[in-house]
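J.: I would like to see how this sequence folds:
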Amino acid sequence: MSSVRGNYCCSVVEDAIQLNFVPGNEEMFKPQALSIEFIRTTRVPDNDFESELPPNMGKFPLFKIRDYAHRLPPEMVAKGGVFFPVYRKEAMWINFSADSPFMIKIYAGGVNVISGQHYKEDDSAGSQRLRYRGSLQDYVVVPKQLWLDGFAISPGVVRQFVAMPMGEGYSVEAQLTGAENIGGLQFEITPTTPLLAVPPYLRVTFETDTGERLTVPCSDSDSLKTIYEILEDLTGTPRNHIRLVYLNRPLYYESPRTTLGQCGITDGSIVKMRIECPSPGGAIAIAKFAQATPPPVSGYAEGGKVRQSVREDTISASRWMKDRTVTIPVQILDTAAFRQVTGTDPPPCPIDASTYAEAGLPFFKMYEEPSTVSGNFDAVKSINEIEQNRGIAQASESSVHPRLITLNERGHGITIPSLNTLLIHDPDSLMNPDGPLLPFRTVQDLKRDLGGSP
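T.: Below is the predicted model:
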């Protein structure tokens, strides 16, 4: 694999985690971008039947851990990342979008949501998983995987991510480990080697009023919106504080369809870049608070069944950049803890599935190629199953029959071998300095380690 130089930029933009790779000045690789959103949705009935895909009811608002460090426990602050508020028994699905392949391992309370394996289990668990399911893949590959609604309990079926308070024994972490020490989610993201840019490509230099220069490889078909987003990632300056001028003509972010070529920008062009910083007088001083009692963190339990496949990894193992894994923790706070930490109320809880169906609103059905990817969650009971055992619920939840809309298929530390090769720009302090819970391994690596064919 040829050497790749450039910057990885992690940020929170419009309630989405964004990870962008921008090649170094001397490189002509295509930039890469990944976006992860957490979507509020209805909780599907928890019974023996499978539901179609539940709806999008808006994004969970994301809050940066660093902005509330004075009100959060030190161990949470040390990990970095983001948090968002949840109600008891509130469901969630994860939305992915990317312009090149990324491998994403997701842990809920330290348990892999695809394999059911806790990160502290030894490698023999992989062999057991292979014998049990015939599947070793313990990650999703985007953009093939558009979204993920829950724990992959069997091929083509997931059990919905449903939030429950820690300490009550509902979470997958509690049921598989006998303890609840972690909670929340962790995302371990590995990119593929960037592809070479296809001509015509440009080297455009952006020059500030103080004479500093930043050269960015791009294409004449790149929109002004894309350029502003790249500059935001590279400089850490919000795009609304950047002003671009070329040949005395302002270039506006608000013109998303205007391309560099349409602006007359060619290879070697110099574009003036003005950074308009907020007035220092407008800064808000944050008072130091006495360390509050650590807020209760919620964990994810299994809810109802949803028809959904985990797409199989068909990408050559040599394309994955194994030493470029970025780790981002995501904590979830119950509503009381959220008010304690932020001083604001969480958004209203979405309606339940039966009310949603009675209003004539749809679920969604999408054709997916058959997949064998799933994990071993046989020892895990759903929320309703636990509540029946405890005498809280008398029976399974009743099924609902909403109308359907058919969708098409489109619908260990951060290991850096050389700081001269890879730079990490993390202005929002999203990345966990402890890195991945387990070393990076593709499906091919796992097969080889277990003595199978690669």
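J.: all helices of the stretch 101-250 of the chain, in order?
T.: Secondary structure of the stretch 101-250 of the chain (DSSP state H, counting those that start in this stretch): helices located at 124-133, 172-177, 224-235.
J.: if you average pLDDT over stretch 223-234, what comes out?
T.: Average pLDDT, stretch 223-234: 80.
J.: need the residues that contact that stretch.
T.: Residues outside stretch 223-234 that contact it (CB atoms under 8 Å, 6 or more residues apart in numbering): 7, 9, 11, 13, 18, 20, 22, 31, 204, 206, 214, 216, 218, 237-239, 242, 244, 251-253, 255-260, 263, 273, 425. (Glycine included, C-beta is placed from N, CA and C.)
J.: mind doing that once more with 6 Å?
T.: 9, 20, 22, 239, 242, 251, 253, 255, 256, 258, 259 (CB atoms under 6 Å, 6 or more residues apart in numbering).
J.: do I have it right that residue 346 meets residue 338?
T.: Yes: counting by CB atoms under 6 Å, residue 346 does reach residue 338; the two are 5.2 Å apart.
J.: helix, strand or coil for the nearest residue to residue 58 once chain neighbours are set aside?
T.: Distance criterion CB to CB, 6 or more residues apart in numbering; nearest residue to residue 58, sequence neighbours excluded, is residue 40 at 5.2 Å. Secondary structure assignment for residue 40 (DSSP: H, G, I helix; E, B strand; the rest coil): strand.
J.: residue 40 contacts residue 57, correct?
T.: Yes: counting by CB under 6 Å, residue 57 is a contact partner of residue 40 at 4.6 Å.
J.: the two: who's more crowded?
T.: residue 40 (22 against 16; other CB atoms under 10 Å).
J.: would you mind measuring from the more buried one to residue 301?
T.: 17 Å (CB to CB, to the nearest Å).
J.: any common contacting residues for residue 346 and residue 338?
T.: Counting by CB under 6 Å, 6+ apart, the residues touching both residue 346 and residue 338 are residue 85.
J.: in the stretch 151-300 of the chain, where is pLDDT below threshold?
T.: The model of the stretch 151-300 of the chain has pLDDT under 70 over residues 196-200, 233-234, 236, 256, 277-297.
J.: mind doing that once more with 50?
T.: 278-294 (pLDDT under 50).
J.: hey, where'd the strands end up in it?
T.: 157-165, 185-191, 201-207, 213-219, 242-246, 249-251, 270-275, 298-307 (DSSP state E, counting those that start in this stretch).
J.: could you dump those strands to a markdown table with distance to residue 394 and mean neighbour count?
T.: Below are these laid out as a markdown table (distance: least, CB to CB, whole Å; neighbours: other CB atoms under 10 Å):
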| stretch | distance to residue 394 | mean neighbour count |
| --- | --- | --- |
| strand 157-165 | 19 | 24 |
| strand 185-191 | 32 | 23 |
| strand 201-207 | 65 | 18 |
| strand 213-219 | 62 | 18 |
| strand 242-246 | 59 | 16 |
| strand 249-251 | 64 | 14 |
| strand 270-275 | 63 | 16 |
| strand 298-307 | 17 | 26 |
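J.: reformat those strands as a markdown table; add distance to residue 328.
T.: Output for the strands of the stretch 151-300 of the chain, formatted as a markdown table (distance: least, CB to CB, whole Å):
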| stretch | distance to residue 328 |
| --- | --- |
| strand 157-165 | 17 |
| strand 185-191 | 5 |
| strand 201-207 | 28 |
| strand 213-219 | 25 |
| strand 242-246 | 25 |
| strand 249-251 | 32 |
| strand 270-275 | 27 |
| strand 298-307 | 16 |
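J.: for residue 326, which of those is the nearest?
T.: Nearest to residue 326, of all those, is strand 185-191, at 4.9 Å by CB to CB.
J.: circling back to that earlier point, of the contacts of stretch 223-234, closest to residue 72?
T.: Nearest member of those to residue 72, counting by CB to CB, is residue 9, at 24.1 Å.
J.: so where does that closest one fall, helix or strand?
T.: Using DSSP states H and E, residue 9 sits in strand 6-13.
J.: check residue 337 too.
T.: Counting by DSSP H and E, residue 337 is part of helix 335-342.
J.: got the angle for that helix vs strand 298-307?
T.: Going by axes from the mean of the first three to the mean of the last three CA atoms, to 10 degrees, helix 335-342 is angled at 130 degrees with respect to strand 298-307.
J.: if you count neighbours, what's buried in helix 335-342?
T.: Neighbour counts using 16 or more other CB atoms under 10 Å place 335, 337, 338, 341, 342 of helix 335-342 among the buried residues.
J.: which residues of the stretch 1-150 of the chain score low on pLDDT?
T.: For the stretch 1-150 of the chain, the ranges with pLDDT under 50 are 1-2, 125, 127, 129-131.
J.: give me the number of residues near residue 310?
T.: 26.
J.: which residue packs closest to it, ignoring adjacent ones?
T.: residue 373 (4.0 Å).
J.: ditto for residue 385
T.: Excluding its sequence neighbours, the residue lying closest to residue 385 (CB to CB, 6+ apart) is residue 46, at 7.7 Å.
J.: name the SS class of that neighbour, please.
T.: Assignment for residue 46 (three-state DSSP): coil.
J.: residues contacting it?
T.: Neighbouring residues of residue 46 by CB under 6 Å, 6+ apart: 303, 304, 382, 383, 384, 397.
J.: closest one of the residues you listed to residue 324?
T.: residue 303 (33.7 Å).
J.: and residue 389, how far from residue 164?
T.: Counting by CB to CB - residue 389 and residue 164 are separated by 15 Å.
J.: pull the distance from the helix holding residue 337 to the chain's centre.
T.: 23 Å (CA atoms, centre = their mean, to the nearest Å).
J.: so which elements touch that helix?
T.: If contacts are counted by 3 or more CB pairs under 6 Å, 6 or more residues apart in numbering; DSSP states H and E, helix 335-342 sits against no helix or strand.
J.: and it with strand 157-165, angle?
T.: 60 degrees.
J.: next up, the contacts around the closest residue to residue 251 other than its chain neighbours.
T.: Spatial nearest neighbour of residue 251, chain neighbours left out: residue 244 (4.1 Å); criterion: CB to CB, 6+ apart. Residues in contact with residue 244 (CB under 6 Å, 6+ apart) are 251, 271, 273.
J.: for the residues you listed, give me TSV that also has distance to residue 142.
T.: What follows is these, written out as TSV (distance: CB to CB, whole Å):
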residue	distance to residue 142
251	31
271	32
273	31
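J.: residue 171: which of those is nearest?
T.: residue 273 (47.7 Å).
J.: does the closest one touch residue 206 like I think?
T.: Yes: Residue 273 is within contact range of residue 206, at 4.2 Å (criterion: CB under 6 Å).
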